[in-house]
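**Q** model this:
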Amino acid sequence: VWKIMEEIAQFLEYSEYDLFNDFLRGRIPVLARNPITSSTPIDVDDDDADDGIMDIEEDGWHNLPEIIREDIFSLLDYRTRFYASMVCRNWYDTFFTPRVWADFIVKQRNFTVKRFNLYTGSQRDIAHYKVQKCLAKVGHHFKRIIIEPNSDFYNLSGFIRVLAGFLAFFQDEYPMPLLHTFVFTFACETRTYSGVDIYGTGGQILETLKHLLSLLRNLKSLTLDELLLDTKEIPGLMESIMKQNQDSLTHLCLMNCSKEPYGIGELTQFPNLRTLVISPQHLNDEILLMLAFTNIENLQITQNEHTFVDNLVPVSIDCWKEVKQLNPMFRVQLICKGKCRTEIVFQDRAPVNSIIYSTPYSSITPDVIMHISEHYSKTLTTYAHTGLPKSHGSQSFHERGDGMLLHLVKTCPKLSTLIVRQRVSTATLLLIAKQAKSLKSLVVRRNAVLLKSDWPKMLEWSDEFYRWLQFNSRSYERTEEEISKILNGQYKWRMLKDREFKQVKVQ
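**A** Next up is the predicted model:
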């Protein structure tokens, strides 16, 4: 948002500080006029004309470059986007540009109206005419449709039914030629008085979803998360996916497709699939061997708090050895995300190149680091803990994970990306940067870095090196300068604030 404001201020010859203050104080008017008749806007409330409100025509708001207007519109929700389209004719035209509607995100309260029920009181129901009008006006601009978790199953089913009906009506001429990504996440958690209950997709919602998937064409990426189906329902779902998109899909994500362990054999029938994201309960020796004969290059084994890992048996070591012989380019990522409190289901001897924790409950433990060093030392390139932790780590050297991190970078020579969020000392960061042979990206939280040099002198360290370590570890600035030099000086390395660290994503 600030970047867009800088562009606007530069165009209007207006300082960013004054522009931002005017936004906060409401002095940039939200305007309304018949958008068809004029491009000269007027204020909504004429009584405020003498209150210092700037004239949008004088300051050039209606003549902003189209690319900036598109950036502004893409940041607005649908209701505010509609109000902004009434500013003037230029803003009205921007409302219908393809960039504004490239991402179509459906949230729980979108396209709903408030109605009063005699028994349940006020509630929000799906307004089918709103969905129909939106699809007819801007549906041909959609590139990505993202349906977020919706706990109101009636409204969810109604929206999917209208979308499927829209696609079925225009079967001869496909109404969404630009659509290449479809994401559906089911709200499997329901809060009750007794706690949180977990339900799977089924019944009318599943049938409507299967009908919609059978109508979508030429998708490149498909994501279906948290369906938690019965094992007998999975073949019908896969048949609906393959009906129109078997040859076009390059990215497929099926997170927690079933409640129980079930190998999905249909995964091998997508000839152009390159990336497969799947939960560990959907893999077994037979399925993995068949995947080795496909064009899949990246297998992401992902788990979260809804993944049932009790008594889950990982793929055997012999199977992984055979897979590496059949497909040397096969790469595996182990990912733990969400609110998962359990440890990753490790696949021993697999060609793992990335281990990523995106859960606030993960931590660096000696057992896990030793296991990683033993099984993935030759292939591991990324080890990351993203997001902010839920607990504060100890400041004691013997209770922190400094020694484990240093052991990891020593035993994994190909490690190029390391993201650390736990407490670590400045001396440890200097040692990691010095001893990691292939390290290119080191990301740490400033609030978790201790200004300490609590490492005892090792036998292999010279007196000069130990003095260098102690001197530079007593200052954050000197630590950042030395790490910048060690990382070949490609960029000025610095520790991140928590706000910046939360935005870090692993590619």
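**Q** my guess is Leu179 meets Leu219, correct?
**A** Yes. With contact defined as Cβ atoms under 8 Å, Leu179 counts as touching Leu219 (7.1 Å). Every residue, glycine included, has its C-beta placed from N, CA and C.
**Q** name the surrounding residues that touch stretch 408-416.
**A** Contact with stretch 408-416 is made by 369, 372-373, 376-383, 418, 432, 435-441, as judged by Cβ atoms under 8 Å, 6 or more residues apart in numbering.
**Q** which among those residues end up buried?
**A** Neighbour counting by 16 or more other Cβ atoms under 10 Å classes 369, 372-373, 376, 379-383, 418, 432, 436, 439, 441 among the contacts of stretch 408-416 as buried.
**Q** in strands only, show me the residues you listed.
**A** Secondary structure from DSSP state E places Thr382, Tyr383, Leu418, Ser441 of the buried ones among the contacts of stretch 408-416 in strands.
**Q** and which of those is nearest Cys336?
**A** Tyr383 (12.3 Å; Cβ to Cβ).
**Q** what's near enough to touch that closest one?
**A** Going by Cβ under 8 Å, 6+ apart, the list of residues near Tyr383 reads Ser354, Ile355, Ile372, Leu408, Cys412, Leu415, Thr417, Leu418, Ile419.
**Q** what's the pLDDT at the fourth one?
**A** Right, the one you point to is Leu408. You'll see Leu408 listed with a pLDDT of 96.
**Q** give me the next element, helix or strand, following the helix or strand hosting Met242.
**A** Per DSSP states H and E, Met242 falls inside helix 234-245. As assigned by DSSP H and E, the chain's next helix or strand after helix 234-245 is strand 251-255.
**Q** quick one: contacts of that following strand?
**A** Identification of contacts with strand 251-255 by Cβ under 8 Å, 6+ apart yields 220-227, 264, 267, 270, 273-279, 282, 302, 304.
**Q** A strand includes Ile67, no?
**A** No. Ile67: not assigned to a strand; according to DSSP: H, G, I helix; E, B strand; the rest coil it is helix.
**Q** please give the number of neighbouring residues around it.
**A** 11 (other Cβ atoms under 10 Å).
**Q** for it, give me the pLDDT.
**A** Value for Ile67, per-residue pLDDT: 89.
**Q** what's the neighbour count on Pro65?
**A** Pro65 is flanked by 11 other residues according to other Cβ under 10 Å.
**Q** tell me how far it lies from Phe471.
**A** The gap separating Pro65 from Phe471 is 52 Å, by Cβ to Cβ, to the nearest Å.
**Q** re earlier: how about the contacts of Tyr383 in TSV, adding distance to Ile105?
**A** Below are the contacts of Tyr383 laid out as TSV (distance: Cβ to Cβ, whole Å):
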residue	distance to Ile105
Ser354	27
Ile355	30
Ile372	36
Leu408	38
Cys412	38
Leu415	36
Thr417	29
Leu418	33
Ile419	27
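**Q** from those residues, which is closest to Phe142?
**A** Ser354 (31.1 Å).
**Q** my read is the closest one is in a helix, agree?
**A** No. Assessed with three-state DSSP, Ser354 is strand; it does not lie in a helix.
**Q** dump the residue contacts of it.
**A** Contacts of Ser354 (Cβ under 8 Å, 6+ apart): Gln333, Leu334, Ile335, Leu380, Thr381, Thr382, Tyr383, Ala384, Val506.
**Q** on that earlier part again, may I see the ChimeraX selection of the buried members of the contacts of strand 251-255?
**A** Here is the ChimeraX command that selects the buried residues among those (16+ other Cβ under 10 Å):
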select :220,221,222,223,224,225,226,227,264,267,270,273,275,276,277,278,279,282,302,304
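**Q** just to revisit the earlier point, now do the buried residues in the helix holding Met242.
**A** For helix 234-245, a neighbour-count test (16+ other Cβ under 10 Å) marks Ile234, Leu237, Met238, Ser240, Ile241, Met242, Gln244, Asn245 as buried.
**Q** skipping its backbone neighbours, what lies nearest the third one in space?
**A** This points to Met238. Glu266 (3.9 Å; Cβ to Cβ, 6 or more residues apart in numbering).
**Q** separation between the one you found and Thr185?
**A** From Glu266 over to Thr185 (counting by Cβ to Cβ), the distance is 21 Å.
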